[in-house]
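Trainee: model this:
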Amino acid sequence: MTVQSPNMYDGLGVSAIGHFSMRVDFNGGEYKFFDKPQWVNGCGCDKCDHIPLQYTIQKEFGFPTPPRGTWYDIWISVYWSCGNDSGNSRHCISEDIYYRDYIK
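Mentor: Below you'll find the model as predicted:
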């Protein structure tokens with residue numbers, strides 16, 4: 001799965017992803033992969049500039065692939081344009097994304 005920052009002009013791409021969960025129809029189950037945001041694209045507590053606009057999640061999640069035609073739902077939060085508050089905290093712009101599709 002690939003997510004992208006809408007911030008295309010200042011080099012502040014996808015900084016973190018969080019609240020990532022999935023539900024598979026027809027008793028396929030519900031999966032919460034992680035709740036709290038996780039830094040990506042080399043972004044972290046002390047550096048978060050000139051990073052890629054996109055981030056591709058390439059991870060196996062330990063559940064069987066549903067049969068063709070099965071519908072699934074994904075919820076994920078994407079964080080970008082993270083800056084330092086002159087202290088130890090970071091502030092980011094974020095958006096919660098919902099996506100529904102079926103296995104092809």
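Trainee: going forward, measure contacts and count neighbours with C-alpha atoms only.
Mentor: OK.
Trainee: compute the first-to-last residue distance for stretch 20-40.
Mentor: With Cα to Cα, to the nearest Å applied, stretch 20-40 spans 14 Å between its terminal residues.
Trainee: mind checking how far that stretch is from the chain centre?
Mentor: Here stretch 20-40 is found 11 Å from its chain centre; the criterion is Cα atoms, centre = their mean, to the nearest Å.
Trainee: and if you look at stretch 64-80?
Mentor: So, by Cα atoms, centre = their mean, the centroid of stretch 64-80 is 12 Å from its chain's centroid.
Trainee: contact partners of it?
Mentor: 3, 5, 7, 12-26, 28, 37, 92-104 (Cα atoms under 8 Å, 6 or more residues apart in numbering).
Trainee: again with stretch 92-104
Mentor: Under the contact criterion Cα under 8 Å, 6+ apart, stretch 92-104 has outside partners 66-83.
Trainee: now stretch 19-31
Mentor: Outside stretch 19-31, the residues within contact range by Cα under 8 Å, 6+ apart are 32-37, 66, 70-77.
Trainee: show me where pLDDT drops low in the chain?
Mentor: Across the chain, the ranges flagged by pLDDT under 70 are 7-11, 45-46, 84-90.
Trainee: kindly state the beta-bridge partners for the residue nearest the centre of the chain.
Mentor: The chain has residue 17 as the residue nearest its centroid, 3.6 Å off, counting by Cα atoms, centre = their mean. Counting by DSSP bridges, residue 17 is bridged to residue 38, residue 78.
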